[in-house]
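K.L.:
Provided below are the primary sequence and the corresponding predicted coordinates.
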Amino acid sequence: LASNAKFSADTIWIKGTEKPYYGPIEIPNKNAMRLAGYGEVKPEITVTGEVAQTVIKSGDNYASPFYACMPPAQVGLENLIVKNDIAAPAGICYCADVQVWVSWEESVRETPEKMRFGVRNCEFYAKNGNVCFRLRDLDQRHNQALVDADHWSMVWNCKFEGEGDLMHLSSQEKALVVSNTFIGGGRAMVFEGWTNAVYSRLTENVKIKQNLFFNQQYAVLYSGVCDDLEFSHNTCVLASGTHVSLTDTGLDPRGTTYVEDNIFQKGETAVQFAEESWSEKVRVRDNLFEEVDSYGEYPVVGEAKFVSVDPEDVDFLRPNYDSDADRGEYYLGALAPIPEPACLFAFVLVLASLIRRR
């Protein structure tokens with residue numbers, strides 16, 4: 001529990017077993033709730049059958065005249081496997097469609113407490129055109145500007161794998177999508193412009209950093225040009241179409257979007273705009289391009305030289321020491337290159353010497 005009861009969150013611990021738990025689960029509006037797996041087996045929550053359902057969903061009470069100004073419940077998800085295997089979706093269903101709980105309190109702003117209020121260490125698998133995940137906006141004051149510096153929605157260290165889109169983001173302000181893996185699908189990340197007429201805000205100040213994107217059919221990122229949208233230090237491999245597609249005309253381009261320090265390997269285009277004039281609002285620089293046309297300032301045209309392209313490998317999409325992603329003390333892409341063998345050998349010798357002295 002947080003120290004202030006107004007912002008406290010209840011935790012439900014879920015024990016991993018050899019059998020799945022069956023959803024769907026809807027989190028009521030009046031509570032902030034954290035679902036967390038524990039034990040040696042990561043618990044699985046799933047839905048199957050013919051009825052279109054989302055597996056885990058934040059409550060939605062906009063239709064209520066008594067709670068018209070109250071947002072859906074704020075949810076934390078940790079150490080879970082969530083699957084949506086329904087056979088005949090009608091419209092869009094998700095593995096999880098949630099707002100992520102964060103707190104304004106001093107007592108929960110520091111690690112590790114801060115990290116628990118988010119979505120982390122989870123795996124999401126969607127079939128038959130369903131979507132792995134939607135991150136809803138978290139704004140308890142509607143259209144007012146956020147003034148809390150630590151008010152962020154966080155998705156961290158998760159895996160998303162499916163056949164359709166992998167992640168949708170409704171209108172967002174202050175969202176972090178960091179150190180995740182996206183495998184397959186049509187588009188890895190898709191920005192939605194609005195939530196609804198009562199509760200809506202334009203997208204701005206979203207950071208997409210140090211993620212691995214692998215084998216998307218159409219695009220890694222589909223968005224408009226948004227203020228302070230940062231797409232940096234990501235590794236994007238085998239996107240059949242465009243890696244960063246800034247072609248959504250549903251929102252007028254505004255502010256500055258940043259596309260920096262990424263690896264783009266293969267595909268038709270690395271960065272694409274709906275109109276050429278949009279490029280003036282996008283800063284593209286210091287990216288590595290391999291088998292795809294280079295673009296922007298200070299491009300690096302070379303080879304990433306990944307240690308492994310097997311998603312099950314611990315070194316999946318990690319550059320080798322002789323990769324062009326290795327810039328000395330700095331590197332491009334999501335993961336640091338493995339050390340050069342000679343340097344690693346020297347480190348082992350120094351470590352062995354220290355052990356002998358002790």
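P.N.:
It's in.

K.L.:
from here on, contacts and neighbour counts on C-alpha atoms
P.N.:
OK.

K.L.:
Am I right that residue 279 is in a helix?
P.N.:
Yes - in this structure, residue 279 lies within a helix as judged by DSSP: H, G, I helix; E, B strand; the rest coil.

K.L.:
separation between the residue nearest to it when sequence neighbours are not counted and residue 35?
P.N.:
When the adjacent residues along the chain are set aside, residue 279 lies closest to residue 273, with 6.7 Å between them (C-alpha to C-alpha, 6 or more residues apart in numbering). With distances taken as C-alpha to C-alpha, to the nearest Å, residue 273 is found 39 Å from residue 35.

K.L.:
for the stretch 51-200 of the chain, what spans make up the helices?
P.N.:
Secondary structure of the stretch 51-200 of the chain, counting by DSSP state H, counting those that start in this stretch: helices at 113-116.

K.L.:
Where does the prediction get shaky in it?
P.N.:
Residues of the stretch 51-200 of the chain meeting the criterion pLDDT under 70: 60-72, 89-90, 101-117, 138-151, 171, 193-200.

K.L.:
if you set the cut-off to 50 instead, what comes out?
P.N.:
For the stretch 51-200 of the chain, the stretches with pLDDT under 50 are 63-65, 67-69, 104-106, 108-109, 111-115, 140-149, 195-198.

K.L.:
where along the stretch 201-350 of the chain do the strands fall?
P.N.:
Taking DSSP state E, counting those that start in this stretch as the test, the strands found in the stretch 201-350 of the chain are 204-209, 212-214, 219-223, 227-232, 235-237, 242-246, 257-260, 263-265, 269-273, 282-285, 288-290, 300-301.

K.L.:
The second one packs against which elements?
P.N.:
Using 3 or more C-alpha pairs under 8 Å, 6 or more residues apart in numbering; DSSP states H and E as the contact criterion, the secondary-structure elements in contact with strand 212-214 are strand 181-184, strand 235-237.

K.L.:
go with 10 Å
P.N.:
Of the remaining helices and strands, those touching strand 212-214 by 3 or more C-alpha pairs under 10 Å, 6 or more residues apart in numbering; DSSP states H and E are strand 159-162, strand 181-184, strand 187-191, strand 219-223, strand 235-237, strand 263-265.

K.L.:
Can you classify residue 37 by secondary structure?
P.N.:
With three-state DSSP as the basis, residue 37 sits in strand.

K.L.:
can you tell me how far it sits from residue 14?
P.N.:
From residue 37 across to residue 14, the span is 5 Å (C-alpha to C-alpha).

K.L.:
More neighbours: which of those two?
P.N.:
Looking at residue 37 and residue 14 with other C-alpha atoms under 10 Å, you find the greater number of neighbours at residue 37, namely 22 against 19.

K.L.:
burial count for the spatially closest residue to residue 301 that is not a sequence neighbour?
P.N.:
Setting aside the residues directly before and after it, residue 301 is nearest to residue 289 in space (C-alpha to C-alpha, 6+ apart), at 5.0 Å. Look at residue 289: counted by other C-alpha under 10 Å, it has 24 neighbours.

K.L.:
Likewise for the one 4 residues further on?
P.N.:
Residue neighbour count, defined by other C-alpha under 10 Å, stands at 15 for residue 293.

K.L.:
Could you find the closest non-adjacent residue to it?
P.N.:
Per C-alpha to C-alpha, 6+ apart, closest to residue 293 is residue 269, 6.3 Å.

K.L.:
Bridge partners for the one you found, pull those for me.
P.N.:
Going by DSSP bridges, residue 269 is paired in beta bridges with residue 242.
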